[in-house]
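> Here is my input, please return the structure:
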Amino acid sequence: MTDHATGAPHLRPGAHLLVTGGAGFIGSAFVRDMLARRDGTRITVLDKLTYAGSESNLAAVATDPEQADRYRFVRGDIGDAELVGPLVAAADAVVNFAAESHVDRSILDPEAFLRTGVIGVHVLLEAVRREAGRAAAGERETAPRYLQVSTDEVYGTVPDGHSVETDGLAPRSPYAAAKAAGELLVRSYCITYGTDAVVTRGANTYGPFQHPEKLIPLFITNAIDDEPLPLYGDGMQRRDWLFVADHAGAIEHVLRHGVAGEVYNIPGELEVPNREVVGRLLDALGKPWSLVRTVEDRPGHDRRYAMDGSKLTALGWRNRISFDDGIAATVDWFRSNEAWWRSAKSGDWDAYYARQYGTRLATSTEA
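A predicted model of the protein is given here:
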């Protein structure tokens, strides 16, 4: 690893990465992309395999002999210090994707989000700090670098303009509050202990392998089955949409080139209201607008997110996938992978869906 102030690459060739939450949506995209380059990078994935994580997301890696030789999967919780310690000790860098990630679920069960987003982050940072001490004592070559994957939701709603990394944090849901708390822990370790850590704040992300609880995959899969599409409120909440491959690529870029102690926004390619997103999905699927139902909005629903990406651009990153191309690729993937999303909509899905949308849909109106 190199001087933190230079922006030069921080990872040596053939580095060993610990990727927590690597069986989830964005984490698995990161793992698949990194290992598919066949550049000698080794990855250990630590994942609790909650409802949103699945080893099937990494099947392309596990079934490729060359990639599988550089890949290890460990099932476990980032809050388990005894498990985490040896994994961090063997790693050149830790990339923390692990999180309970759906705002709706954070409203139903906020404690789970705090356990992962605050206590889990603390356990990881303590393990990194111990390894930095070993590096200082000459017991390992370098200290591990740490990257915390966060979200634009920590800024809260943004009525005008675009959020920059120095803006204050104003989370409005338990999910966003847990992510903000995790970020503040990382910052405190950078300042107090000199931990080599960076933070990314990603925009609303979509693409293949996304759990169908989220807006785009939920509406695609419901529409395929001609089921109602529950659109919150007037549907004019605005989001900046980021294709998952671009999100994963930007995270890797910051891991390699980001300056220690810094935060980097990862904006998307297009800011549009949810209502327009739904229209594009229906057009791509050849389904009627009559499927859309206006339902009661969720509490604390942020009206708009928008981030300035100048800092990341100056670091040398550009997104590659337009929103139109990303939506087309996503719709095609869900059409072609029905077994995957039907499996994701099994188990406790019906109970969750009834709890979240049952009353809302019963009292819904035409959109």
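> List the contacts of the closest residue to A93 other than its chain neighbours.
Residue nearest to A93 in three dimensions, not counting chain neighbours: R145, with 4.3 Å by CB to CB, 6 or more residues apart in numbering. Using the backbone N, CA and C atoms, a C-beta is placed for each residue, glycine as well. For R145, the set of contacting residues under the criterion of CB atoms under 8 Å, 6 or more residues apart in numbering consists of M1, H10, L11, D92, A93, V94, D196, A197, V198, L255, A260.
> ok but Y264 is inside a strand, no?
Yes: when the secondary structure is assigned by DSSP: H, G, I helix; E, B strand; the rest coil, Y264 falls within a strand.
> what is it paired to in the beta sheet?
Under DSSP bridges, the beta-bridge partners of Y264 are T200.
> give me the number of residues near it?
Using other CB atoms under 10 Å, Y264 has 26 neighbouring residues.
> residues contacting it?
Y264 makes contacts with E165, V198, V199, T200, R201, A250, V254, G258, K311, L312, L315, as judged by CB under 8 Å, 6+ apart.
> element containing the first one?
Assignment of secondary structure by DSSP states H and E places E165 within no helix or strand.
> Which residue is the nearest non-sequential neighbour of it?
Closest residue to E165 in three dimensions, ignoring its sequence neighbours and counting by CB to CB, 6+ apart: V263, at 4.4 Å.
> how close does the one you found get to V199?
Distance, V263 to V199, using CB to CB, to the nearest Å: 4 Å.
> hey, what's in contact with both of these two?
With the criterion set as CB under 8 Å, 6+ apart, the overlap between the contacts of V263 and V199 is S150, E183.
> quick one: which of the two has more around it?
Comparing V263 with V199 by neighbour count (other CB under 10 Å), the higher total belongs to V199, at 26 against 20.
> Can you tell me the element F30 falls in?
In the assignment (DSSP H and E), F30 maps to helix 25-36.
> Kindly report the same for L185.
helix 174-193.
> Pull the distance from that helix to the chain's centre.
Helix 174-193 has its average C-alpha position 16 Å from the chain's average C-alpha position, going by CA atoms, centre = their mean, to the nearest Å.
> do stretch 227-242 as well
Taking the mean C-alpha point of stretch 227-242 and that of its whole chain, the gap between them comes to 19 Å (CA atoms, centre = their mean).
> and it, which residues are buried?
Buried positions in stretch 227-242, judged by neighbour count with 16 or more other CB atoms under 10 Å: P228, L229, P230, L231, Y232, G235, Q237, R238, R239, D240, W241, L242.
> May I see the residues you listed organised as TSV, with distance to E141 and pLDDT added?
Converted to TSV, the buried residues of stretch 227-242 look like this (distance: CB to CB, whole Å; pLDDT from 0 to 100):
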residue	distance to E141	pLDDT
P228	57	97
L229	53	98
P230	53	97
L231	53	97
Y232	50	95
G235	53	95
Q237	48	95
R238	47	95
R239	42	94
D240	39	95
W241	40	97
L242	35	98
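> May I see the residues you listed organised as JSON lines, with distance to R134 added?
JSON lines is the format used below for these (distance: CB to CB, whole Å):
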{"residue": "P228", "distance to R134": "56"}
{"residue": "L229", "distance to R134": "53"}
{"residue": "P230", "distance to R134": "51"}
{"residue": "L231", "distance to R134": "52"}
{"residue": "Y232", "distance to R134": "49"}
{"residue": "G235", "distance to R134": "53"}
{"residue": "Q237", "distance to R134": "47"}
{"residue": "R238", "distance to R134": "47"}
{"residue": "R239", "distance to R134": "43"}
{"residue": "D240", "distance to R134": "41"}
{"residue": "W241", "distance to R134": "42"}
{"residue": "L242", "distance to R134": "37"}
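> before we move on, the earlier item: and of the contacts of Y264, the nearest to A351?
For A351, the closest of the contacts of Y264 turns out to be R201, at 32.2 Å, with distances computed as CB to CB.
> so that closest one makes contact with E262?
No: using CB atoms under 8 Å, R201 and E262 do not qualify as a contacting pair, with a distance of 11.4 Å.
> shared neighbours of those two, which are they?
Both R201 and E262 are in contact with E165, where contact means CB under 8 Å, 6+ apart.
> So for these two, which sits in the more crowded spot?
R201 (25 against 17).
> Thanks again, I'm all set now.
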